[in-house]
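Enquirer: Sharing a sequence plus its predicted fold:
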Amino acid sequence: MAGLCSHMPSSCDCFVSLPPASAAREVIFGKNSDRPKDEVQEVVYFPAGCHTKGTKVQCTYIEVDQVEKTHAVILSRPAWLWGAEMGANEHGVCIGNEGVWTKEPVGTDEALLGMDLVRLGLERGSSAYEALCVITKLLELYGQGGNCKEEPVPFIYHNTFLLADRSEAWVLETAGRFWAAQRIQGQITAQTIMAILSDKASGICVDSEGFCTTGSMVSILPQDPQLPCIHFFTATPDPSRSIFKPFIFVPNITAFHQVQSPSFGDKDPIRDNPRFQSRVDRRHELYKYHQSFLETKDCKQHDRERIQDAMKKCQEQILETVKSVLAGSNTLTPQKLADLFYDCVDKELKLYQ
């Protein structure tokens, strides 16, 4: 999971690079989320929160005991569920999960999804190891199980997790309520990871009949605590034809509604019994424009090439800005940092318009 393999991948792909393999003194985390082709993935931010002792939190299927304090998190998630495929918190912790199939029978009863455990680990863990402990305790207490697709036919799997922070990374493998964890011991850049995640020939960037890469994430976690952790999200399928947009945890984050799916409340098919008997349109604004760019047959070849070139230049400019921020040569104002992700999404939207 932390490197390339000789056979075609059959699940999501997570990567981590630790110094001295990283080109700079940084931990670099990356993930492709390979999900059903028509599933919408949104990017959402939740600020830190305080909660009344003894309260519960509703996850995708079940309630669990809430903690008194939760960390601020940014998540990339299938729009129909509570948890996340991947994300980061304000302390520089990143987590991604992958589906695995083991000798242990999958749990058909509804419990915690692996994606719920990703979010719970980020909200409650201030380091990679602390998040690992959160996940394993919840796993032992509540178990894992339930449908992992927004469809009536069950699709159930166990989970492997990759957890990283500024100083270390862990692999956590699970089967039912059993688990095992190992710390990862280790001239790669964030741009290298983005290129790997965009590679279709290897199968890492998935585009098959039923599944595709629906969202991607790359994080730069400097070992210097004075430097900010920077987290990039596509919020769109196919990273080879998307822009990785940066997010930094700062006060007063500007809301980025363009990548958030509509809410359906009690009318959401996940609240029905039985579940998923109908479908709703979960596409957010950026998804719609991106989908139109990829699928419209009327778009002329030279227009596609023009937009692709503009996207490439935009990505290069973003990476140069991030490099200068990490080098200390480009100090963005607090407002610019709060607007950073929103502004990049807005720029991408204008390319399609």
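Expert: Thanks, I have the structure now. What you see is a predicted model; the values in this text were computed from it and never measured.

Enquirer: Can you mark which positions in stretch 183-199 are buried?
Expert: By 16 or more other CB atoms under 10 Å, the buried positions in stretch 183-199 come out as Ile184, Ile188, Thr189, Ala190, Gln191, Thr192, Ile193, Met194, Ile196, Leu197, Ser198. Where you see a C-beta, it was placed from the backbone N, CA and C, and this is true even at glycine.

Enquirer: of all these, which comes closest to Arg279?
Expert: Leu197 (28.3 Å; CB to CB).

Enquirer: give me phi/psi at the closest one?
Expert: When quoted as degrees, to the nearest 10, the phi and psi of Leu197 stand at phi -70, psi -20.

Enquirer: how far is the one helix or strand Val118 maps to from where the chain is centred?
Expert: Val118 is part of helix 114-124, with elements assigned from DSSP states H and E. Relative to the centre of its chain, helix 114-124 is centred 11 Å away, using CA atoms, centre = their mean, to the nearest Å.

Enquirer: list the contacts for Asn239?
Expert: Asn isn't right for residue 239; it's Pro. Asn32, Met194, Leu197, Ser198, Cys205, Thr213, Ser216 (CB atoms under 8 Å, 6 or more residues apart in numbering).

Enquirer: For Lys313, see how far away it is.
Expert: The gap separating Pro239 from Lys313 is 17 Å, by CB to CB, to the nearest Å.

Enquirer: re the thing from before, which one in the buried residues of stretch 183-199 is the model shakiest on?
Expert: Least confident entry in the buried residues of stretch 183-199, by pLDDT: Ile188, with 77.

Enquirer: State the phi and psi torsions of the closest residue to that residue other than its chain neighbours.
Expert: Nearest residue to Ile188, sequence neighbours excluded (CB to CB, 6 or more residues apart in numbering): Ser17, at 4.2 Å. Ser17 adopts backbone torsions of phi -120, psi 130, taken as degrees, to the nearest 10.

Enquirer: neighbours of Ser17, just the number please.
Expert: 25 (other CB atoms under 10 Å).

Enquirer: what's in contact with stretch 227-235?
Expert: So stretch 227-235 is in contact with 41-43, 74, 76, 88, 92, 94, 166, 190, 194, 215-222, 242-250, 259, 284, 286-287, 322, 325-326, 328, 337, 341, 345, going by CB under 8 Å, 6+ apart.

Enquirer: where does the chain have low pLDDT?
Expert: Within the chain, the stretches with pLDDT under 70 are 1-12, 107, 186-187, 208-209, 296-299.

Enquirer: Spatially central residue in it, please.
Expert: Met86 (2.9 Å; CA atoms, centre = their mean).

Enquirer: so what's it up against?
Expert: Met86 sits in contact with Lys31, Ser33, Leu75, Ser76, Cys94, Ile95, Gly96, Asn97, Val118, Gly215, Met217, where contact means CB under 8 Å, 6+ apart.

Enquirer: quick one: it from Glu316, how far?
Expert: Met86 is 24 Å from Glu316, by CB to CB.

Enquirer: Could you count how many residues lie near the closest residue to Met115 other than its chain neighbours?
Expert: If the residues on either side of it in the chain are set aside, Met115 comes closest to Gly83, at 3.4 Å by CB to CB, 6+ apart. Around Gly83 there are 22 other residues, counting by other CB under 10 Å.

Enquirer: Can you pull the phi/psi pair for Gly83?
Expert: phi -80, psi -150.

Enquirer: His231: what secondary structure?
Expert: strand (DSSP: H, G, I helix; E, B strand; the rest coil).

Enquirer: how near is it to Pro251?
Expert: Taking CB to CB, one finds His231 at 16 Å from Pro251.

Enquirer: Comparing the two, which residue is more hemmed in?
Expert: The residue with more neighbours, out of His231 and Pro251, is His231; 27 against 9, by other CB under 10 Å.

Enquirer: For Gln185, pull up the helix or strand it's in.
Expert: Per DSSP H and E, there is no helix or strand for Gln185.

Enquirer: meant to ask about Ile193
Expert: helix 190-197.

Enquirer: Please name the nearest non-neighbouring residue to Asp224.
Expert: Arg25 (6.8 Å).

Enquirer: Next, the contact list for that neighbour, please.
Expert: Pro19, Pro222, Gln223, Asp224.

Enquirer: Over to it: give its phi and psi.
Expert: phi -80, psi 70.

Enquirer: cool, and the one 3 residues further on?
Expert: Dihedral angles phi and psi of Ile28 (degrees, to the nearest 10) take the values phi -120, psi 120.

Enquirer: before we move on, what about Trp82?
Expert: phi -80, psi -40.

Enquirer: what sits against it?
Expert: So, once contact is read as CB under 8 Å, 6+ apart, Trp82 ends up touching Gln58, Cys59, Thr60, Met115, Asp116, Arg119.
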